[in-house]
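Engineer: here is my input, please return the structure:
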Amino acid sequence: MDPSMKLSSLLIASIESTGHVIGVVLIGYIGSRSGIISQKTRKNLALLVMNLFLPCLLFSHIGSNISASMLLNLWPLAFFCIMYIVIGTLFSKLGSKLLGLSSSNKTFVERSITFNNITSLPVGFIKVLANTNAIRLLACDDDESPEKTVSRDVAGLGLCILDQILSIENFTKVSEEYLKTLPIHYDETTPLIPGSSSRSKSKCKKLFKTISSVMSPLLFAGILAITIGTIPSLKKIIFFEQSSFHINITRAMQYIASMTVPMTLLNIGAQSGFTTKLKERETIKSISFIMFCRLFIMPVIGVFMTLTARKWLIDDPMLLFVLFSLACWPTNIDFMNTESNTAALMFYSYLVFAPLITLTLATLLNFVKLMT
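Structural biologist: Next comes the predicted model:
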């Protein structure tokens, strides 16, 4: 921890961090506008992120850092997550009623205000901050390495992702709706009567479908990571650096996990590139209200709630940063039935108002410094 760090240094670190993150979003935007990234490619990328990259991120970071005592100390994460969901829902319902929005726009506003980007944005910030002195603000002690600080913070954010998934199955809706739109294709190589291999494949698919109906890959990876992390004997086998499992399997998952943030940011940028000129007055009102709540109202509420609950929290800067992040940052949920609205929201939130994200990050880091 470095409480002597000046505000100007925090601002410079925040500019550098957001510059890296928004730069990837901008590349995705240019890719979609130039035709390099098609809508189909973007949707497939979103499926990969939700079903492969992000589960690997949750498993590798939560499992290696979590313990039974740490899990008990991080109880505020679930409480704050539920509170923000309730507050966001109340704001969205009140705003929708005052603005006289249609039922479809009401749903869009409610989900966009309630759920924010708790993955790629704050995780991306932390990874870039690891190369600056600002990362010392998030360390639990002076001896903690930047890599360990990053891993602990990502683990805390990962637990918040699980809280959001348990609150409402928002991540699985995209893949479920998209898979329903895929046509069934037959050709000359398709057998008219399934053979034994086809039947065995069918059984595997049924088993996978049964498991998927109970929990998403994200939820499965998170629960598995918590289970392993809280059982020392299992944790030693899977996350001990000298074990065979860690060398051959865990490291591979960590490598895949490292691609989560750039792939997610690239997807956000690509989606924002498909935005069209806003013509409907109701859509303009909806997006304006969402951005006002997500970029102004919710961060203020988050700071107030965290300051109020400070005496009940453990003395860990990571927890403070994660609690702040639960209330801040734009939305990052892709609703298949409101693609055009979501694309416009992404464009304005991540690109047009990017300087506001920088100021928010600098402010949060300053609050962490003042509270530790």
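Engineer: by contact count, what packs against the helix or strand hosting A252?
Structural biologist: Per DSSP states H and E: A252 is located in helix 251-257. Counting contacts by 3 or more CB pairs under 8 Å, 6 or more residues apart in numbering; DSSP states H and E, the secondary-structure elements packed against helix 251-257 are helix 54-65. All C-beta spots, glycine's among them, are computed from the backbone N, C-alpha and C.
Engineer: now for the helix it packs on, which elements pack on it?
Structural biologist: Applying 3+ CB pairs under 8 Å, 6+ apart, we find helix 54-65 packed against helix 146-167, helix 217-229, helix 232-239, helix 251-257, helix 260-272.
Engineer: can you list contacts of the helix or strand that the third one is followed by?
Structural biologist: It stands for helix 232-239. Toward the C-terminal end, the helix or strand that comes next after helix 232-239 (DSSP H and E) is helix 244-245. Contact with helix 244-245 is made by I237, I238, as judged by CB atoms under 8 Å, 6 or more residues apart in numbering.
Engineer: cool, stretch 255-262 as well?
Structural biologist: 24, 49, 52-54, 56-57, 59-61, 119-120, 123-124, 127.
Engineer: now that stretch, how far from the chain's geometric center?
Structural biologist: With CA atoms, centre = their mean, to the nearest Å as the basis, stretch 255-262 stands 13 Å off its chain's centre.
Engineer: mind listing what's buried in that stretch?
Structural biologist: I256, A257, M259, T260, V261, P262 (16 or more other CB atoms under 10 Å).
Engineer: counting neighbours, what do you get for Y348?
Structural biologist: Y348 has 18 neighbours, counted by other CB atoms under 10 Å.
Engineer: is it true that it touches M291?
Structural biologist: Yes - counting by CB atoms under 8 Å, Y348 touches M291, with 6.3 Å between them.
Engineer: I'd like to know how many residues surround the nearest residue to L166 once chain neighbours are set aside.
Structural biologist: In space, and not counting its chain neighbours, L166 is closest to L219: 7.5 Å by CB to CB, 6 or more residues apart in numbering. Each residue near L219 was counted by other CB under 10 Å, and the total is 19.
Engineer: against V322, how distant is L219?
Structural biologist: 19 Å (CB to CB, to the nearest Å).
Engineer: could you do S145 as well?
Structural biologist: Distance from S145 to V322, by CB to CB: 19 Å.
Engineer: name the residue in those two with the higher neighbour count.
Structural biologist: Per other CB under 10 Å, whichever of S145 and V322 has more neighbours is V322, with 28 against 11.
Engineer: so where does the more buried one fall, helix or strand?
Structural biologist: Counting by DSSP H and E, V322 is part of helix 317-327.
Engineer: now swap in M5 and tell me
Structural biologist: Counting by DSSP H and E, M5 is found in no helix or strand.
Engineer: about what we covered before: so what pLDDT did the residue nearest to L166 get?
Structural biologist: pLDDT, L219: 88.
Engineer: these two touch, right, it and I161?
Structural biologist: No - using CB under 8 Å as the test, L219 is too far from I161 to be in contact (9.4 Å).
Engineer: state the phi and psi torsions of E144.
Structural biologist: phi -70, psi 130 (degrees, to the nearest 10).
Engineer: quick one, what contacts it?
Structural biologist: Counted by CB under 8 Å, 6+ apart, E144 has zero contacts.
Engineer: distance of it relative to I113?
Structural biologist: The value you get for E144 to I113, if CB to CB is used, is 35 Å.
Engineer: take the helices and strands packed on helix 54-65 and lay them out in CSV including distance to M83.
Structural biologist: Below are those laid out as CSV (distance: least, CB to CB, whole Å):
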stretch, distance to M83
helix 146-167, 11
helix 217-229, 21
helix 232-239, 31
helix 251-257, 29
helix 260-272, 25
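Engineer: what's the weakest-modelled helix or strand in the protein?
Structural biologist: helix 171-181 (a mean of 42; mean pLDDT, DSSP states H and E).
Engineer: for T132, phi and psi?
Structural biologist: phi -120, psi 170.
Engineer: which SS state does the closest residue to it other than its chain neighbours fall under?
Structural biologist: Residue nearest to T132 in three dimensions, not counting chain neighbours: A13, with 4.3 Å by CB to CB, 6+ apart. The three-state label given to A13 by DSSP: H, G, I helix; E, B strand; the rest coil is helix.
Engineer: okay, now A13: neighbour count?
Structural biologist: 23.
Engineer: quick one: contacts for it?
Structural biologist: L129, T132, N133, A134, A362, L365.
Engineer: which one of those residues is nearest to K236?
Structural biologist: L129 (30.2 Å; CB to CB).
Engineer: how far away is that closest one from W329?
Structural biologist: For L129, the distance to W329 - CB to CB - is 15 Å.
Engineer: residues in contact with stretch 263-273?
Structural biologist: 21, 24-33, 37, 41-42, 45-46, 48-49, 53-54, 119-120, 124, 332, 334, 342-344, 346-347, 350-351.
Engineer: buried subset of those?
Structural biologist: Buried among these by 16+ other CB under 10 Å: 21, 24-29, 31-32, 37, 42, 45-46, 48-49, 53-54, 119-120, 124, 332, 334, 342-344, 346-347, 350-351.
Engineer: what about the closest residue to V303 other than its chain neighbours, how many neighbours?
Structural biologist: Once flanking residues are discounted, V303 sits nearest to F367: 6.2 Å by CB to CB, 6+ apart. The number of residues packed near F367 is 17, by other CB under 10 Å.
Engineer: contacts for whatever helix or strand F367 lives in?
Structural biologist: Secondary structure from DSSP H and E places F367 in helix 354-371. Residues from elsewhere that reach helix 354-371, judged by CB under 8 Å, 6+ apart: 2-3, 5, 7, 10-11, 13-15, 17-18, 22, 121, 125, 134, 137-138, 295, 299, 303, 306-307, 310, 317, 320-321, 324-325, 328-330, 350.
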